[in-house]
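Participant: Please work out how this folds:
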Amino acid sequence: MIVFDLDDTLYLERQFVISGFQAVEDHLKTKGKPPHPYATRFLDVLDRDGSGRVFNKVLDALHVEADIGELVRIYQHHEPRLSPLAGMRDLVLSCHEPGVITDGPEEIQRRKLRALGLLEHFRVVVCTSNLAPNQAAWKPSVQPYQHIEATCNQRGVDCTYIGDNPRKDFIGAVQQGWRPVRLRMDGQLHAALPTPDGVKEVTSVHALTQWIQP
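Facilitator: Numbering: from 1, shown residues only. Below you'll find the model as predicted:
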C-alpha cells in the first residue's frame, strides 16, 4: 500500500501560505483598512524571520489595528487555492487504493485535499489529530501507521510512506517496518535537511513514479 504525506509532498506548502496571506489581505481590505500589499509584507517577514507573530509584526509596522486571533482563524480556515506537484495527480491515480497520513486538524487538511482535487482518490485519510488528544498521535508517533495497518488490513512490510520532513515523517514508519521514501525538491520547507540513513531519496515526482512503478 502506498501512503502519502500531504504538506510539501502532494503539493508545495508555500502555496497554502501564500493563499492564506492573500485571504487575510482580502479580509483586511473588506474591513476598510488602508490598501497596503499585506500578503507580500507577510511573506517577506516570514521569509526573513520565520514563523511567529508575522501578522503582529507587519500590522504594527504599518500602524494598522486588527484582531490578530481573527486573522489567524481566517488564515487557517480559508478556502485555499492549491495545485498538486507536476505529475503527482497522475501518480496518485495510478496507485491502488492509496492513503494519506497528515498532521493537523481534519477540517483544514481535508480542505487542502479537496482544493487539490485528490480527496476522493484516497482509500483512507488519517488526520493524526483525530487519533489522540494534545497532538499525542502526531508524527513521529507510530499510531497513524498502526491505524492504517488495522483499518486497511495491511502489514507494515507491505506499506510505503512517502514524505518530505526527515524530522518526523519516517521515524514511526520505520518502527512499523514500512518502506520510507523521501521526496526532496526545491521549494520544500525542509529541503535543506539531510536524508536519514535507510530512507530512499528521490528528487522529482518523475523519479518517484519510476521507483513505485518500475
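Participant: All the helices of the chain, residue numbers only.
Facilitator: Using DSSP state H, the helices found in the chain span residues 13-30, 38-49, 54-62, 68-77, 88-94, 106-116, 143-152, 171-175, 205-212.
Participant: And those: which comes nearest His190?
Facilitator: Between His190 and these, the tightest spacing by C-beta to C-beta is seen for helix 13-30, at 9.6 Å. Using the backbone N, CA and C atoms, a C-beta is placed for each residue, glycine as well.
Participant: residue ranges with poor pLDDT in the protein?
Facilitator: The chain contains residues with pLDDT under 70 at 214.
Participant: Please report how far Lys139 lies from Val45.
Facilitator: 28 Å (C-beta to C-beta, to the nearest Å).
Participant: more neighbours, those two?
Facilitator: Lys139 (24 against 19; other C-beta atoms under 10 Å).
Participant: Quick check: the gap between the more buried one and Val54.
Facilitator: Lys139 sits 24 Å away from Val54, going by C-beta to C-beta.
Participant: likewise Tyr161?
Facilitator: Applying C-beta to C-beta to Tyr161 and Val54 gives a distance of 31 Å.
Participant: So which of those two has more stuff around it?
Facilitator: Counted by other C-beta under 10 Å, Tyr161 and Val54 do not tie: Tyr161 has more neighbours, with 29 against 24.
Participant: could you list every residue that touches that one?
Facilitator: Val3, Phe4, Asp5, Ile101, Tyr145, Asp169, Phe170, Ala173, Trp178, Arg179, Pro180, Val181 (C-beta atoms under 8 Å, 6 or more residues apart in numbering).
Participant: Distance of the second one relative to Val124?
Facilitator: Read it as Phe4. 11 Å.
Participant: Common neighbours of the two, please.
Facilitator: Contact criterion C-beta under 8 Å, 6+ apart; residues shared by Phe4 and Val124: Gly99, Val100.
Participant: How many residues are close by the closest residue in space to Glu106 that isn't next to it in sequence?
Facilitator: Computed as C-beta to C-beta, 6 or more residues apart in numbering, the closest residue to Glu106 that is not its neighbour in sequence is Cys127, at 3.9 Å. When neighbours are defined as other C-beta under 10 Å, Cys127 has 21 of them.
Participant: Repeat that for Arg81.
Facilitator: 13.
Participant: Now it: phi and psi?
Facilitator: phi -110, psi 100 (degrees, to the nearest 10).
Participant: In space, what's closest to it - neighbours in sequence excluded?
Facilitator: That would be Ser19: by C-beta to C-beta, 6+ apart, it lies 4.8 Å from Arg81.
Participant: Look up how far Asn56 lies from that neighbour.
Facilitator: When Ser19 is compared with Asn56 (using C-beta to C-beta), they lie 20 Å apart.
Participant: what does Ala39 give?
Facilitator: Counting by C-beta to C-beta - Ala39 and Asn56 are separated by 16 Å.
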